[in-house]
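# Here is a sequence with its predicted model. Questions after.
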Amino acid sequence: MKKLLLFIAIFFYHLMGFAQKVDFYQKERAQWLKIAEQTTPKLVETIKKPLSIVRLEKNEKKFQHWDTKPQTEAKNLFKDSFKKQAGVILDFGEHLTGFVTFSVEDFGRAADAPIRLKFTFGEVPAEVAEPFDPFKGGLSRAWLQDEIITISEVPKTITIPRRVAFRYVKIELLGSSVYSDFKISDLFVKATTSVKQSAVPLAKGTPEMIQKIDQIGLNTLKECMQTVYEDGPKRDRRLWIGDLYLESLANIYSFKNHELTKHCLYLLAGLSYEDGVAPSNVFERPKPHPQINPLFDYALIYNVALKEYLQATGDKKTALDLWKVAKKQIEIPKKYLGEDGMLDYQKAGKEWWLFFDWRNGLDKQAALQGVVIWAYKNTYELAKMLGKEQEVKELPALIQKMTEATHRTLYDTQKGVFVSGKDQQISYCSQAWMILSGVASQTEGKKALENVIAHTDAVKPGAPYLYHYVIEAMIQVGLKEEAKGLLINYWGDMVNKGADTFWEVYDPQDDFLSPYNAYLINSYCHAWSCTPVYFIRKYPDIFQH
Ligand code: RAM
């Protein structure tokens with residue numbers, strides 16, 4: 001008997017071990033990855049040449065205190081000795097992403113020593129103005145775009161192996177023959193994007209600043225649309241769910257490259273973690289693989305992105321094929337859900353990365369309740385479109401229970417705002433998520449946003465990502481003028497400071513803010529900042545008049 005019990009115990013132990021290792025998408029994964037591969041977009045390539053040679057000027061009033069002044073046409077570089085022009089800064093006049101090729105030629109006298117050049121590419125002037133070292137940032141120094149190239153034979157044409165994202169390039173001379181001279185006789189970039197179709201023009205009479213914001217938003221989106229929706233073509237050059245969601249919304253109202261969205265949704269599904277959680281971010285090369293870095297809110301946002309894709313395209317086949325992923329994501333919060341309808345946000349915060357925004361000290365309890373309810377609602381809508389309500393029939397009751405509990409626990413009736421965490425923090429983030437989830441009624445939401453604007457100590461958004469949700473919430477409660485005002489103030493401020501593409505983080509009070517403790521490593525062409533394109537085009541009555 002004892003032996004039998006021991007045998008049963010061992011059997012179950014192995015069974016459980018085996019169960020843990022089983023890949024939740026074992027049956028589907030290969031096929032999803034195959035479809036992802038088949039839908040990889042072909043990039044559109046354009047050759048672009050520099051427009052001018054610029055000089056840097058220190059100016060406290062300009063972004064990060066640097067300004068550029070045009071000096072002469074870029075083609076003058078190609079005629080003359082480079083020795084005389086070392087340190088030159090070329091300006092391409094726009095943000096570009098691609099591979100740079102350059103040629104060197106001698107002046108008739110063969111070089112008797114190699115030439116060593118240092119190229120520094122910058123999205124913003126500070127990157128070609130400030131030294132990169134010593135580097136104290138939290139991410140790899142190698143993201144900074146400086147490349148040293150040694151040329152052993154002249155003449156020569158060389159393509160720099162690294163793809164770069166830039167508007168400016170500084171070229172320095174680190175070494176060359178002391179006897180002979182040379183020139184850089186050509187330099188161009190083969191710029192890429194997967195955007196094929198241009199966006200329709202805005203209505204006549206659209207305010208000038210809105211037009212500028214829209215154009216820069218389109219440039220940002222175009223640059224980030226490569227073979228996936230990248231978060232930033234300079235850094236991190238990969239597909240994140242949160243960025244994909246906002247980019248695909250903007251794409252629906254502009255370039256309409258739905259094939260790219262489909263490709264990304266399949267790639268994410270095919271690279272989901274073995275326990276079924278959608279991966280926070282994935283890489284395409286050297287072969288498709290996820291970063292093992294689960295992110296709670298992003299996993300749930302996968303469902304919303306899939307629903308929006310279905311709504312925009314009517315492509316039921318894809319949505320049905322990927323439904324299994326959406327269904328699995330709704331399980332994630334259940335582990336933390338108490339009998340009272342509130343999530344154990346502290347436990348979730350210990351076990352997961354909860355993102356919502358780059359803002360130190362932000363309390364995420366309210367946002368967490370909000371994002372779960374919002375994702376559940378969207379998933380239920382998706383299920384209805386696919387005739388799958390039965391498979392998620394618990395959702396409506398769950399949504400109601402969580403909504404009531406959240407309202408009871410987090411709404412401060414006296415102050416007229418939603419609070420978060422044990423210190424009852426008041427933030428823009430919490431108000432936005434309480435509105436988007438429907439926890440706040442229309443009137444409460446409107447009042448909560450008005451109150452938070454008036455509340456000088458409220459925790460403000462740190463990155464454009466959260467500004468998106470705040471503006472969406474404003475529109476939802478009818479604060480249309482405020483939404484327009486915020487869009488113009490926040491993104492318009494970047495325009496006034498010279499943005500060609502919108503930035504990863506921007507605090508109007510602090511040009512040097514960086515989540516990575518090194519502002520030069522911030523991305524200055526960042527996917528999640530492109531959403532004015534979505535607002536301006538989805539709500540023409542608010543933004544195009
Ligand atoms: C950064 C990137 C990316 C974002 C994640 C959460 O690494 O900026 O865009 O989605 O954080």
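Yep, that arrived.

# Get me the contact residues on this structure for the ligand.
Counting by C-beta under 6 Å from any ligand atom, the residues of the chain close to the ligand are 231, 236, 240, 242-243, 355, 504, 528. Just so you know, the C-beta spots here come from the backbone N, C-alpha and C atoms, and that holds for glycine as well.

# In strands, which of those residues fall?
Members of the residues of the chain next to the ligand lying in strands (criterion: DSSP state E): residue 240.

# what would the residues of the chain next to the ligand look like in TSV with neighbour count?
Below are the residues of the chain next to the ligand laid out as TSV (neighbours: other C-beta atoms under 10 Å):
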residue	neighbour count
231	25
236	19
240	28
242	22
243	28
355	21
504	26
528	26
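
# In the stretch 401-545 of the chain, which residue sits closest to the ligand?
Among all residues of the stretch 401-545 of the chain, residue 504 sits closest to the ligand, at 5.3 Å; criterion: C-beta to the nearest ligand atom.

# How about that residue: what's its closest non-neighbour residue?
Distances taken as C-beta to C-beta, 6 or more residues apart in numbering place residue 526 nearest to residue 504, at 3.7 Å, with adjacent residues excluded.

# residues of stretch 54-70 that come out buried?
54, 56, 62-68 (16 or more other C-beta atoms under 10 Å).

# Of all the residues you listed, the one with the weakest confidence?
The member of the buried residues of stretch 54-70 with the lowest pLDDT is residue 62, at 94.

# got the contact list for it?
Contact partners of residue 62, counting by C-beta atoms under 8 Å, 6 or more residues apart in numbering, are 125, 497-498.

# So which of these is the closest to residue 134?
Residue 134 has its nearest neighbour among the contacts of residue 62 in residue 125, at 20.9 Å by C-beta to C-beta.

# Now for that closest one, how many residues are close by?
By the criterion of other C-beta atoms under 10 Å, residue 125 has 24 neighbours.

# OK, contacts around the nearest residue to it once chain neighbours are set aside?
Among residues not flanking residue 125 along the chain, residue 66 sits closest, at 3.9 Å (C-beta to C-beta, 6+ apart). Listed by C-beta under 8 Å, 6+ apart, the contact set of residue 66 reads 56-59, 124-126, 129-130.

# Report the beta-bridge partners for residue 66.
Taking DSSP bridges, one obtains residue 58 as the residues bridged to residue 66.

# How much space separates it from residue 289?
38 Å (C-beta to C-beta, to the nearest Å).

# And the contacts of stretch 190-206?
Outside stretch 190-206, the residues touching it (C-beta under 8 Å, 6+ apart) are 41-48, 96-99, 101, 210-211, 214, 218, 221-223, 225-227, 253-257, 260, 533, 536-537, 540, 543-545.

# quick one: buried residues of the host helix or strand of residue 300?
For residue 300, the enclosing helix or strand under DSSP states H and E is helix 296-313. For helix 296-313, the neighbour count (16+ other C-beta under 10 Å) marks 296-310, 312-313 as buried.

# quick one: the helices in the stretch 301-450 of the chain?
Here the stretch 301-450 of the chain has its helices, by DSSP state H, counting those that start in this stretch, at 316-329, 345-351, 365-386, 395-410, 428-436, 442-454.

# which strands and helices sit next to the second one?
Spelled out, that is helix 345-351. helix 365-386 (3 or more C-beta pairs under 8 Å, 6 or more residues apart in numbering; DSSP states H and E).

# How far off centre is the helix it packs on?
21 Å (C-alpha atoms, centre = their mean, to the nearest Å).

# For it, which helices and strands make contact with it?
Using 3+ C-beta pairs under 8 Å, 6+ apart, the elements in contact with helix 365-386 are helix 296-313, helix 316-329, helix 345-351, helix 395-410, helix 428-436.

# Redo the ones you listed as JSON lines? Include mean pLDDT.
Putting the helices and strands packed on helix 365-386 into JSON lines (pLDDT from 0 to 100) gives the following:
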{"stretch": "helix 296-313", "mean pLDDT": "98"}
{"stretch": "helix 316-329", "mean pLDDT": "98"}
{"stretch": "helix 345-351", "mean pLDDT": "98"}
{"stretch": "helix 395-410", "mean pLDDT": "98"}
{"stretch": "helix 428-436", "mean pLDDT": "99"}
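
# now those in a markdown table, with distance to residue 110?
Below are the helices and strands packed on helix 365-386 laid out as a markdown table (distance: least, C-beta to C-beta, whole Å):
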| stretch | distance to residue 110 |
| --- | --- |
| helix 296-313 | 57 |
| helix 316-329 | 60 |
| helix 345-351 | 65 |
| helix 395-410 | 76 |
| helix 428-436 | 64 |
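
# Name the stretch among those that sits most buried.
Among these, helix 428-436 has the highest mean neighbour count (mean count of other C-beta atoms under 10 Å), at a mean of 29.

# what's the distance between residue 23 and the ligand?
25 Å (C-beta to the nearest ligand atom, to the nearest Å).

# Excluding sequence neighbours, find me the nearest residue to that residue.
According to C-beta to C-beta, 6+ apart, the nearest residue to residue 23 is residue 274 (4.6 Å).

# Does that neighbour belong to a helix, a strand or coil?
coil (DSSP: H, G, I helix; E, B strand; the rest coil).

# cool, residue 245 as well?
Secondary structure for residue 245, judged by three-state DSSP, is helix.

# thinking again about what came up before, just to check, the residue of the stretch 401-545 of the chain closest to the ligand is in contact with residue 230?
No: applying C-beta atoms under 8 Å, one finds residue 504 not in contact with residue 230, separated by 11.9 Å.

# Okay, and residue 502 sits in which element?
Assigned by DSSP H and E, residue 502 belongs to neither a helix nor a strand.

# okay, the closest residue to the ligand within the stretch 301-450 of the chain: pLDDT?
Closest contact between the stretch 301-450 of the chain and the ligand, by C-beta to the nearest ligand atom, is at residue 355 (5.1 Å). At residue 355, the model reports a pLDDT of 98.

# and if you look at residue 17?
48.

# The helices and strands packed on helix 365-386: which one's closest to residue 385?
Of all those, helix 296-313 sits nearest to residue 385, with 5.9 Å by C-beta to C-beta.

# for the protein, what's the longest strand?
Taking DSSP E as the criterion, the chain has its longest strand at strand 88-106.

# Would you mark the buried spots in that one?
Buried residues in strand 88-106, defined by neighbour count with 16+ other C-beta under 10 Å: 88-93, 95-100, 102-106.

# How about residues contacting whatever helix or strand comes next after that strand?
Going down the chain from strand 88-106, the next helix or strand is strand 115-122, by DSSP H and E. If you take C-beta under 8 Å, 6+ apart as the criterion, strand 115-122 is touched by 100, 104, 127-129, 132, 145-151, 154, 160, 164-177, 182.

# Given strand 115-122, what are its sheet partners and their directions?
strand 146-151 (antiparallel), strand 164-175 (antiparallel).

# quick one: the helix or strand that it is followed by to chain centroid distance?
Per DSSP H and E, the first helix or strand lying C-terminal to strand 115-122 is helix 125-129. Distance of helix 125-129 from its chain centroid, counting by C-alpha atoms, centre = their mean, is 22 Å.

# what is the rounded mean pLDDT of helix 125-129?
For helix 125-129, mean pLDDT is 98.

# got a list of contacts for it?
With contact meaning C-beta under 8 Å, 6+ apart, helix 125-129 is reached by 56, 62-68, 89, 120-122, 144-145, 168-170, 498, 519-520.
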